[in-house]
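Peer 1: below are the sequence and a predicted model; questions follow.
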Amino acid sequence: MSHDSLEHRNKRTLRKLLIWALAMFGFAFAMVPFYDVICDITGLNGKTSSTASTEGPARTVEDRTVTVEFITQRGQGVNGDFMSATRRVKVHPGEITLVNFYASNPKTSQIVTQSIPSVTPGEAARYLHKTQCFCFDQQTLGAGERKEMPMIFYLDPELPDHITTLTLSYTIFDVTDRVAATNDTVINNNAVAQ
């Protein structure tokens, strides 16, 4: 086998490997939004919508009751209280319900938090509609502040009959440093643009 032939085959193999590597990177990059779309459509992983439901319930199913439980957790770095005023509520599908959550900041400086929801069983996520939720936006807590954070929701009347209990879990995270870094970047970019 000639040296030119071997070099040509090596270059061709290298090109194929580079194409495969780029294709795999592209596929991995596309998986995140694809996963989000699948979760939104199917309710997999208990991921709830991150925007307010603009439509109200079509009807209320008075002869059916579903138990909704609330669990709160603090993410790493969160020292204050985070709790639901109500641990469990019985609702009729289609009935609009208000539940208040509370968070506190024992620190001597302001913090910014973000709460991430999850629903169990995951199938129920697509039937839970929030018209107002503190989880849609970051919440600022002043030094020593205790804040009431409302969540208004209803269950879709089409909720499958085998779901008699669902659990809505929120984990609160301190995102103060990330918000500050983002704000610094925006300020720096604006200064460069001027």
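Peer 2: Cool, got the structure. Only a predicted model underlies this, so the values are computations on that prediction, with no experimental measurement involved.

Peer 1: let me see the domain layout of this protein.
Peer 2: Per the record, the chain has its domains at 1-42, 47-180, by automatic domain parsing.

Peer 1: contact partners for the most centrally placed residue in the chain?
Peer 2: With distances taken as Cα atoms, centre = their mean, Ile116 lies nearest the centre of the chain, 4.6 Å away. By Cβ atoms under 8 Å, 6 or more residues apart in numbering, Ile116 lies in contact with 135, 170-171, 173. All C-beta spots, glycine's among them, are computed from the backbone N, C-alpha and C.

Peer 1: most tightly packed of the domains of the chain?
Peer 2: Comparing the domains of the chain by mean neighbour count (mean count of other Cβ atoms under 10 Å), domain 47-180 comes out on top with a mean of 16.

Peer 1: distance check, the residue nearest to the centre of the chain against Phe82.
Peer 2: Here Ile116 is placed at a distance of 12 Å from Phe82 (Cβ to Cβ, to the nearest Å).

Peer 1: which residues do the two both contact?
Peer 2: Counting by Cβ under 8 Å, 6+ apart, the common neighbours of Ile116 and Phe82 are Tyr170.

Peer 1: now do the contacts for the closest residue to Ser84 other than its chain neighbours.
Peer 2: Take Ser84 and drop its neighbours on the chain: the residue closest to it by Cβ to Cβ, 6 or more residues apart in numbering is Phe70, 3.9 Å away. Applying Cβ under 8 Å, 6+ apart to Phe70 gives the contacts 84, 86-89, 99, 101, 167-170.

Peer 1: where do the strands sit along the chain?
Peer 2: Using DSSP state E, the strands found in the chain span residues 66-74, 82-84, 88-91, 97-104, 111-120, 128-133, 139-141, 146-155, 165-174.

Peer 1: give me the angle between the last one and strand 146-155.
Peer 2: Okay, so that is strand 165-174. Going by axes from the mean of the first three to the mean of the last three Cα atoms, to 10 degrees, strand 165-174 is angled at 150 degrees with respect to strand 146-155.
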